[in-house]
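S.K.: I need the structure of the sequence given here:
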Amino acid sequence: MTTKKLRQIFDRTNGHCHFCGDKLVFEKYGLRKDENETWEADHIIQKGKGGSHNPDNRLSACYRCNRLRWHRKGKNIRNLLLLGLIAKDEIEHKSELGKAIVKLKNKRQNANKKRRRNLSKVF
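M.R.: This is a model prediction of the structure:
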């Protein structure tokens with residue numbers, strides 16, 4: 001994708017992730033080693049639903065949000081958001097379930113870090 005097209009996509013969200021609103025850095029497009037401020041050109045209408053690669057069908061999204069959404073479709077994303085709200089409430093109330101969710105989250109994040117380290121050794 002050309003720099004001009006990437007700039008068009010980036011400017012449509014004023015340099016912010018269209019999911020979480022975090023500030024992005026234009027020059028960090030496509031970087032994966034440093035996840036902070038990195039971004040990708042996310043499809044508005046997913047390729048699997050017939051969306052095109054045209055810049056008009058893309059918005060800037062931070063690497064983390066775009067990876068969480070990935071190939072998930074409407075019903076699945078809504079379910080994840082609902083479960084996330086329930087988990088957030090449980091964590092805030094410091095319930096036993098909330099404590100267990102925090103442990104699972106940490107376990108998942110550690111496994112992801114380990115997997116990324118192993119992949120970086122290969123490439």
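S.K.: Tell me the confidence at the spatially most distant residue from the centre of the chain?
M.R.: Distance to the chain centre peaks in the chain at Glu96, reaching 28.2 Å (criterion: C-alpha atoms, centre = their mean). Looking at Glu96, its pLDDT is 97.
S.K.: and if you look at Val122?
M.R.: At Val122, pLDDT is 61.
S.K.: Check Gly48 too.
M.R.: 80.
S.K.: Counting neighbours, what do you get for it?
M.R.: 9 (other C-beta atoms under 10 Å). Just so you know, the C-beta spots here come from the backbone N, C-alpha and C atoms, and that holds for glycine as well.
S.K.: and it, what does it touch?
M.R.: Gly48 is in contact with 71, 73, counting by C-beta atoms under 8 Å, 6 or more residues apart in numbering.
S.K.: Looks to me like it is in a helix.
M.R.: Yes - Gly48 sits within a helix when classified using DSSP: H, G, I helix; E, B strand; the rest coil.
S.K.: Do I have it right that Leu1 meets Ala41?
M.R.: Leu isn't right for residue 1; it's Met. Yes - in this structure Met1 lies within contact range of Ala41 using C-beta atoms under 8 Å: 6.8 Å.
S.K.: Give the residues shared as contacts by these two.
M.R.: With C-beta under 8 Å, 6+ apart as the test, Met1 and Ala41 both reach Pro55.
S.K.: That's all I had, so thanks and see you.
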